[in-house]
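>>> how does the following fold in three dimensions:
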Amino acid sequence: MIAGNEKFLEKKLREEIKKIGGLAIKFTSPYFTGMPDRLVLMPNGNLWFVEVKSTGKKLRGIQQAQALRLQELGFKTRVIDSDESLGSFMREVRYGL
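Numbers count the residues shown, from 1 in each chain. Model (predicted):
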């Protein structure tokens with residue numbers, strides 16, 4: 001698999017989150033278009049909405065709008081589209097960075 005491939009990044013995200021005691025579950029909302037595709041659930045109630053994209057792919061307009069809506073409600077949202085952004089996210093999850 002190619003490092004910037006969406007399926008590869010999703011698999012790597014699930015594995016890395018599982019290693020540190022959390023869950024990265026697939027999230028679908030059939031009646032609420034544009035929601036991020038993963039919920040990352042960690043101990044102590046820490047939660048992120050995560051959209052995984054292939055490298056170079058951008059969020060669609062509805063995805064941007066939903067991410068902003070979630071942020072306005074106080075939720076953490078992230079986009080992972082590369083090994084680097086996955087690494088940055090994992091540091092945030094582990095260390096609060």
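
>>> and the helices in the protein?
Secondary structure of the chain by DSSP state H: the helices cover 6-19, 61-72, 83-95.

>>> closest one to Tyr31 among those?
Closest to Tyr31 of the helices of the chain, according to Cβ to Cβ: helix 61-72, at 12.6 Å. (Each C-beta comes from the backbone N, C-alpha and C, glycine too.)

>>> for that closest one, packing partners?
Counting contacts by 3 or more Cβ pairs under 8 Å, 6 or more residues apart in numbering; DSSP states H and E, helix 61-72 packs against strand 46-52, strand 76-80.

>>> quick one, it and strand 46-52 angle?
On the basis of axes from the mean of the first three to the mean of the last three Cα atoms, to 10 degrees, helix 61-72 is oriented at 170 degrees to strand 46-52.

>>> ok, and what's touching helix 61-72?
With Cβ atoms under 8 Å, 6 or more residues apart in numbering as the contact definition, helix 61-72 has outside contacts at 32-36, 49, 51, 59, 77, 79.

>>> contacting residues around Val40?
With contacts defined as Cβ under 8 Å, 6+ apart, the neighbours of Val40 are 13, 17, 22-24, 47-50, 93.

>>> sorry, back to before: reformat the helices and strands packed on helix 61-72 as TSV; add mean neighbour count, mean pLDDT and distance to Ser88.
What follows is these, written out as TSV (neighbours: other Cβ atoms under 10 Å; pLDDT from 0 to 100; distance: least, Cβ to Cβ, whole Å):
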stretch	mean neighbour count	mean pLDDT	distance to Ser88
strand 46-52	19	97	12
strand 76-80	18	98	9
